[in-house]
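Chemist: Mind folding the following:
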Amino acid sequence: MSLAEQFRQEGRQETRPLAEQGRQEGREEGREEGLIFSKQQDILEALEIRFQRLPEGLREEIEAISDSKKLSSLLRAAITSADLESFASEL
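Modeler: Below you'll find the predicted structure:
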C-alpha cells in the first residue's frame, strides 16, 4: 500500500465516526422538533375544540414556543381554562 493510499484509508476511518455522530445528532434534533410541533398542534386543537375560533396572534404565539415543558403546561391550561383570556394569561 502506498503512502497516499494509507493516508486515504486513515482519513476514511477518522471520518466515519464523525459522520455517524452527525447523523445521530440530526435524528435527535428531528425527534425533538417533531415533539415540539406535535405539542403545539395538540394545544391548538384543544383550544379550537373548546373555543371554536382562535385569534391569529394567539396561534402564532403558541407556534413560536419551543420549550417542551412549557408546551405541556399550556396543553393542560388549554383543557382547563375557563376562557381564552385566562389561557392567554398562561403564555
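
Chemist: So residue 91 versus residue 76, what's the distance?
Modeler: 13 Å (C-beta to C-beta, to the nearest Å). Glycine gets a C-beta too; all of them are placed from N, C-alpha and C.

Chemist: Revised request: answer the last question for residue 49.
Modeler: 15 Å.

Chemist: again, but for residue 85
Modeler: Summarising the geometry, the distance separating residue 85 from residue 76, computed by C-beta to C-beta, is 17 Å.

Chemist: between the two, who's got more neighbours?
Modeler: The neighbour count for residue 85 versus residue 76, taken as other C-beta atoms under 10 Å, is higher for residue 76 (12 against 8).

Chemist: so where do the helices sit in the chain?
Modeler: Assignment of helices within the chain using DSSP state H yields the ranges 3-51, 56-64, 68-80, 84-88.

Chemist: Compile those into JSON lines and extend it with columns for mean pLDDT.
Modeler: As requested, those are exported to JSON lines (pLDDT from 0 to 100):
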{"stretch": "helix 3-51", "mean pLDDT": "82"}
{"stretch": "helix 56-64", "mean pLDDT": "96"}
{"stretch": "helix 68-80", "mean pLDDT": "97"}
{"stretch": "helix 84-88", "mean pLDDT": "95"}
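
Chemist: Not counting residues beside it along the chain, what's closest to residue 55?
Modeler: Leaving aside its sequence neighbours, residue 55 sits nearest to residue 84 (C-beta to C-beta, 6 or more residues apart in numbering; 7.6 Å).
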